[in-house]
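**Q** Build me a model from this:
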Amino acid sequence: MSAREPARWWTLVLAVAGGYLTRLAFPSPGWWGTAFLGMALLYLALRRDSARWNALVGLAWGLACFAPLITWADEAVGLVPWLALSTLEALCVALFGAAWSWARRGEAVWRSGGWQALVFTLLWVAVEELRSAWPFGGFPWGRLAFSQSDSPLAAFMWLGGTPLLSGVVALVGVVLARAYLVARRLEVRRFVGAAAAVVVVAGVAFALPLDTRAEHGTLEVGAVQGNVPGSGLDAFGQREAVLDNHLAGTYALLDQVEPGELDVVLWPENGTDIDPQADQSAADLIDAAAQAVDAPMLVGTVQYPPSGGRYNTAVLWEPGQGVVASYTKQHPAPFAEYIPLRSLVRPFSSAVDLVTRDMIPGVGPGYVPLTSERLGRTVGLGDVICFEVAYDALVRDAVRAGGEVLVVQTNNASFGMTDESTQQLAMARLRAVEHGRATVQISTVGVSAVIQPNGAVSRQTDLFTADQMVATLPLRQSLTPADRSGSWPAWIVDALAVCTVVAGAAGAYRLRRTDRTDPPA
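**A** Next up, the predicted model:
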């Protein structure tokens, strides 16, 4: 080991501390500033040259971040799946550690602190994109951007979406680490430069415009959190109980509004545990509630086609008519709503057999056309179901298809009193900023919330309570820069990340290993 290389045990300490600090940036407690410190410690922990060792460091950081972040997976499906998912996500950070080792070996990157910050950021965003798409459709939970719902930096979502905000968080972390290194070497000019860079980032965030004004009228919305009779896997064990709870909540809206005052009533995912298109009794009950409030209802249900499997669907129920439009979840959750590799997974968790019918993905964006007599036109509801809020393209497609407000229908009953629901709410708030749309997250058990287009929460419910919300939502049709650019920035980052790794590995042949240890700041 070079005298200037940090000791191995110390890099692991930095990694574990950095990973856990990053976890604390997410709800709860949601201390968003600790994400910068977590990334700074990861950068400092990865200063050894060995790609294999840095992969181990990345794994340690990832386990310290993801295992405590997604403890709700243990609550929902058990110990083994939670550990497996945490390890898989941590392996992505291990890949990042190895890739960073290879990329920085090029002389240009190695000799320049500015290039190091840029390449580190590119690689981090690229790895986030990778784990958001692979395997089994990916798992974007825990992206750095999703820790910033209360941060001034959240405005970067409007400009460039999740990739940009994650990149900004990573970049600030690296700049803080570089500032520490130059301060230790008493290089005042470079320390001032690093501090100025952080100030510039903050200044840009405050300068970004987040318009909350209605562009095409307003929508009067009622949202019903009906609650469920139990928790965990038994939450839907009593037939009709969930349906009855949401019917009662719909009638309770009449304590706040008169019939006909609402444009739409929103129910959560699985708001009815009986498919009203297959059960006439359930259909009659839902129609009676819709006629009582004199408003269409967006109802979350599960459909069972004759060909097998099941669909997670939201149907728009018009009083006296029934279903007039629908949206079916496009991205069922693997190992929860459907079981890939069932025979291989069963020996590790018998819980896979609780999913007796795999969920089938729907086709088409989450756009639900709502005819509003009061407005005299069709209003586009942009709908996503549960974990779909974490996937960039699914939410963006709903907006670009014509969604003027966003609805996140979710069922958090399986996750108990964990942080899953508030972590999901943080994502919904950031999606509101990203697309400039008022957003309603409506859950069976909470947390439900009304969110303004700038991400501010104007109403929020508690967990495992029955509650109703009435809100006036601004309708907006303009597209943000993040909407217009689509997935192209992420693809460009991915391509640049591959190029930097290849170039760095090739360039290492011209730079002795002893010369690329502990680079100048």
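**Q** all strands for this structure, in order.
**A** Ranges of strands in the chain, per DSSP state E, are 218-225, 264-266, 297-303, 311-318, 322-328, 367-372, 377-385, 405-410, 439-443, 449-451, 457-460, 467-474.
**Q** Burial check on Met417, number of neighbours?
**A** Residues near Met417, counting by other Cβ atoms under 10 Å, number 12. Where C-beta positions appear, they are placed from N, C-alpha and C, glycine not excepted.
**Q** ok, now how distant is the residue nearest to it when sequence neighbours are not counted from Leu253?
**A** In space, and not counting its chain neighbours, Met417 is closest to Leu463: 6.1 Å by Cβ to Cβ, 6 or more residues apart in numbering. Distance of Leu463 to Leu253, computed by Cβ to Cβ, to the nearest Å: 21 Å.
**Q** Could you do Leu496 as well?
**A** Taking Cβ to Cβ, one finds Leu496 at 51 Å from Leu253.
**Q** So between these two, which is more surrounded?
**A** Using other Cβ under 10 Å, the more surrounded residue of Leu496 and Leu253 is Leu253, with 22 against 16.
**Q** what sits against that one?
**A** 222, 224, 262, 265, 293, 468, 470 (Cβ atoms under 8 Å, 6 or more residues apart in numbering).
**Q** So what pairs up with the first one in the strands?
**A** Spelled out, that is Gly222. Val265, Val470 (DSSP bridges).
**Q** Give the burial count for it, as a bare number.
**A** Gly222: 27 surrounding residues under other Cβ under 10 Å.
**Q** does it really touch Leu266, like I thought?
**A** Yes - counting by Cβ atoms under 8 Å, Leu266 is a contact partner of Gly222 at 7.0 Å.
**Q** How about Pro6: what's its closest non-neighbour residue?
**A** Nearest to Pro6 is Arg47, by Cβ to Cβ, 6+ apart, at 5.6 Å.
**Q** could the contacts of Leu253 go into CSV alongside pLDDT and distance to Asp419?
**A** Converted to CSV, the contacts of Leu253 look like this (pLDDT from 0 to 100; distance: Cβ to Cβ, whole Å):
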residue, pLDDT, distance to Asp419
Gly222, 98, 27
Val224, 98, 24
Leu262, 98, 32
Val265, 98, 28
Val293, 98, 33
Gln468, 98, 24
Val470, 98, 27
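**Q** and these as CSV, adding distance to Trp134?
**A** As requested, these are exported to CSV (distance: Cβ to Cβ, whole Å):
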residue, distance to Trp134
Gly222, 40
Val224, 37
Leu262, 42
Val265, 38
Val293, 44
Gln468, 40
Val470, 42
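**Q** ok, now which ones touch Ser151?
**A** 32-33.
**Q** can you do 10 Å?
**A** By Cβ atoms under 10 Å, 6 or more residues apart in numbering, Ser151 lies in contact with 25, 30, 32-33, 35-36, 145, 165, 168-169, 202, 205, 430, 455.
**Q** got a pLDDT number for it?
**A** Reported pLDDT at Ser151 in the predicted model: 97.
**Q** Next: Leu243.
**A** pLDDT recorded at Leu243 is 96.
**Q** Just give the number of residues close to it.
**A** Neighbour tally, Leu243, other Cβ under 10 Å: 25.
**Q** Repeat that for Trp134.
**A** When counting by other Cβ under 10 Å, one arrives at 11 neighbours for Trp134.
**Q** Pretty sure it sits against Leu91.
**A** No - counting by Cβ atoms under 10 Å, Leu91 is not a contact partner of Trp134; they are 11.6 Å apart.
**Q** which other helices and strands contact the longest helix seen in the chain?
**A** Secondary structure of the chain per DSSP state H: the longest helix is helix 156-184. Contacts defined by 3 or more Cβ pairs under 10 Å, 6 or more residues apart in numbering; DSSP states H and E place helix 156-184 against helix 8-24, helix 34-45, helix 113-131, helix 188-207, helix 392-400, helix 420-435, helix 481-485, helix 488-507.
**Q** can you do 8 Å?
**A** helix 34-45, helix 113-131, helix 188-207, helix 392-400, helix 420-435, helix 481-485, helix 488-507 (3 or more Cβ pairs under 8 Å, 6 or more residues apart in numbering; DSSP states H and E).
**Q** which of the residues in stretch 447-465 are buried?
**A** Residues of stretch 447-465 classed as buried: 447-455, 457, 460-461, 463-464 (neighbour count, 16 or more other Cβ atoms under 10 Å).
**Q** for stretch 299-314, that is, sorry about that
**A** Under 16+ other Cβ under 10 Å, the buried positions of stretch 299-314 are 299-303, 310-314.
**Q** quick check, nearest of these to Arg213?
**A** Nearest to Arg213 out of these is Ala314 (Cβ to Cβ; 27.8 Å).
**Q** what sits against that closest one?
**A** By Cβ under 8 Å, 6+ apart, the contact set of Ala314 is 269, 298-301, 326-328, 368, 383, 385, 409.
**Q** Asn312 too?
**A** Counting by Cβ under 8 Å, 6+ apart, Asn312 has contacts 269-270, 300, 302, 328-329, 332, 337, 359, 362, 385-386.
**Q** from the residues you listed, which would you call buried?
**A** 269-270, 300, 302, 328-329, 332, 337, 359, 362, 385-386.
**Q** quick revisit: generate a PyMOL selection restricted to the buried subset of the contacts of Ser151.
**A** The buried residues among these can be selected in PyMOL (16+ other Cβ under 10 Å) with this line:
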select buried, resi 25+30+32+35+36+145+165+168+169+205+430+455
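**Q** residues in contact with Ala126?
**A** Per Cβ under 8 Å, 6+ apart, neighbours of Ala126: 493-494, 496-498.
**Q** One more pass at 10 Å, please.
**A** Ala126 neighbours (Cβ under 10 Å, 6+ apart): 95-96, 99, 163, 167, 490, 493-498, 500-501.
**Q** Also Ala202?
**A** By Cβ under 10 Å, 6+ apart, Ala202 lies in contact with 151-153, 172.
**Q** now the residue nearest to the spatial centre of the chain, nearest residue through space, not along the chain?
**A** By Cα atoms, centre = their mean, the chain has its centre lying nearest to Ala390, at 3.0 Å. Leaving aside its sequence neighbours, Ala390 sits nearest to Pro140 (Cβ to Cβ, 6+ apart; 4.3 Å).
**Q** Can you get me a residue count around that neighbour?
**A** Pro140 has 20 nearby residues by other Cβ under 10 Å.
**Q** Might you report the residue contacts of it?
**A** 128-129, 131-133, 146, 162, 387, 389-392, 427.
**Q** if we go to 7 Å?
**A** Taking Cβ atoms under 7 Å, 6 or more residues apart in numbering, we find Pro140 in contact with 132, 390-391.
**Q** Tyr251 too?
**A** 289, 292 are the contacts of Tyr251 under Cβ under 7 Å, 6+ apart.
**Q** Check the gap between it and Gly226 for me.
**A** 11 Å.
**Q** cool, Trp124 as well?
**A** Taking Cβ to Cβ, one finds Trp124 at 41 Å from Gly226.
**Q** same thing with Ile339?
**A** 28 Å.
**Q** now do Leu285
**A** Distance of Leu285 to Gly226, computed by Cβ to Cβ: 13 Å.
**Q** which of those two has more neighbours?
**A** Neighbours were counted for Leu285 and for Gly226 using other Cβ under 10 Å; Gly226 has more, 26 against 19.
**Q** burial count for Ile492?
**A** There are 13 residues near Ile492, going by other Cβ under 10 Å.
**Q** excluding its backbone neighbours, what's nearest Thr162?
**A** Ala145 (4.5 Å).
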